[in-house]
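**Q** Have a look; sequence and predicted model below, questions after that.
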Amino acid sequence: MKKVALAVVGTGNIAQSVHLPILRRLPTVEVVAVYDRNYSTARAVAERFDIPYAVRSMEELLALPIAAVDICSSTDSHAEIVSACIEASKDVFVERPLARTSDEAAILAEKARRRGIKLMVGMNHRFRTDVVLMKNYIEQAQLGHVYYAKAGWLKPYRGDGRLHALAQQHGRGVLFELGLSIVDLLLYLFRTVTVRSVSASLFYNSHPTIEDVAIATINFSDGSVASLETSWSLVRADDLFYCNVYGKNGSAFINPFKVVQQQERDVVVHTPMPPQSSVEAYTRAYEAELKHFVAAVQGLVPIVSTAEEAVERLRVIEALYQSALQHSEVHLPSEDYVTA
């Protein structure tokens, strides 16, 4: 099968450390060009990864004979760049979030749908081996009815430079930057039920307007509950990403992955996969995600982590911010907030 000709927009850390090394290894991909608002950076990256073109504008990029674009630029640029790619009839992979607001995202989703463009939003945790296994256990009812989940992503404090940058880009902090991926994970696992209401508390330890700790609860229509925590300032020595789900007949835990099941009078612990380092889990998930996008461009698999799902996730995030501002629970219209 013919290789997918692809260009990368944004040549910062995520592109250089993750996307480009993976894309260059894939036999189904030809990376044709890179674009960055800083042309000298784009040119240096093109030389480093042996990429034919470093271009000075999106117009120049979209005029090249490419089938797809991988967007790794800053959040504030996503909507404009995705829109331009759709109008140029290029399939798109964009790192989360799709846009700054659910309204922006909805416009992009509708534009992609009308033009028949494949638009995939980066949610690499869906492709983690342990998440795939956990989802299988839930959907095969091996844990019984799952009624509670707790998930989190906690990172140590590393200075306030990032917070000042976010204040300029979109004015939101850890709930938006890390919490969005946790919300997506929870809704992905609880995919058969709708969100009924949410509540959240935000803390501002390092910046007056950018939250660095978020604690939230999601209530589902069937009575099940999920809680989440994200932070850039809880005092801890290392990163922690985790997700634990509890069902009537068993539980499953991520990082490390294990399953605990009730069998008659005994509790049995299973470890269905060997332990992975955080770096290994991270890299393998990204590789599986980008492989899936390329296969979707080739017409071999359907797009996952769709623009429509991204709209729903952003609406939940916006409701969480509203809850924190109002210091009260926020109820969501069931027809708009459907898990997928």
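**A** Arrived safely, thanks for sending. Residues are numbered from 1 along each chain as shown.

**Q** Hmm, F293 is touching L119, no?
**A** No - taking contacts as Cβ atoms under 8 Å, F293 lies outside contact range of L119: 10.1 Å. Where you see a C-beta, it was placed from the backbone N, CA and C, and this is true even at glycine.

**Q** shared neighbours of those two, which are they?
**A** Jointly contacting F293 and L119 under the rule Cβ atoms under 8 Å, 6 or more residues apart in numbering are I303.

**Q** residues touching A200, list them.
**A** By Cβ under 8 Å, 6+ apart, the contact set of A200 is L175, A214, I215, A216, T217, L320, Y321, S323, A324.

**Q** Keep only those of the residues you listed that are in helices.
**A** Those of the contacts of A200 mapping onto helices are L320, Y321, S323, A324, per DSSP state H.

**Q** Columns neighbour count on top of the residues you listed, output as CSV?
**A** CSV is the format used below for the ones in helices among the contacts of A200 (neighbours: other Cβ atoms under 10 Å):
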residue, neighbour count
L320, 26
Y321, 20
S323, 21
A324, 21
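
**Q** rewinding a little: and the contacts of A200, which two are furthest apart?
**A** Based on Cβ to Cβ, the longest span within these runs between T217 and Y321 and measures 14.1 Å.

**Q** Do a quick rundown of the helices in this protein.
**A** Using DSSP H, the helices of the chain run over 13-14, 20-25, 39-48, 58-62, 78-87, 102-115, 129-139, 161-169, 174, 180-189, 278-297, 307-326.

**Q** of those helices, which approaches V235 most closely?
**A** Among the helices of the chain, helix 174 sits nearest to V235 (Cβ to Cβ), with 14.8 Å.

**Q** how many neighbours does P52 have?
**A** Neighbourhood size, P52 [other Cβ atoms under 10 Å]: 11.

**Q** for the helices of the chain, which one ends up most surrounded?
**A** Most buried of the helices of the chain, by mean neighbour count (mean count of other Cβ atoms under 10 Å): helix 174, with a mean of 26.

**Q** any low-confidence regions in this protein?
**A** For the chain, the stretches flagged by pLDDT under 70 are 160, 334-340.

**Q** quick one, domains of it?
**A** 4-125, 126-275+307-331 (automatic domain parsing).

**Q** could you dump these to a markdown table with distance to T283?
**A** Output for these, formatted as a markdown table (distance: least, Cβ to Cβ, whole Å):
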| stretch | distance to T283 |
| --- | --- |
| domain 4-125 | 7 |
| domain 126-275+307-331 | 11 |
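
**Q** nearest to R284, of the ones you listed?
**A** Distance to R284, taken as Cβ to Cβ, is lowest for domain 126-275+307-331 among these, at 6.7 Å.

**Q** Endpoint to endpoint, the closest one covers what distance?
**A** Separation of the first and last residues of domain 126-275+307-331 by Cα to Cα, to the nearest Å is 27 Å.

**Q** chain center to that domain: distance?
**A** For domain 126-275+307-331, the separation from the chain centroid amounts to 12 Å (computed by Cα atoms, centre = their mean, to the nearest Å).

**Q** separation between C85 and I14?
**A** 18 Å (Cβ to Cβ, to the nearest Å).

**Q** And for V279?
**A** 15 Å.

**Q** which ones are touching I117?
**A** Contact partners of I117, counting by Cβ under 8 Å, 6+ apart, are C85, I86, S89, K90, D91, V92, K111.
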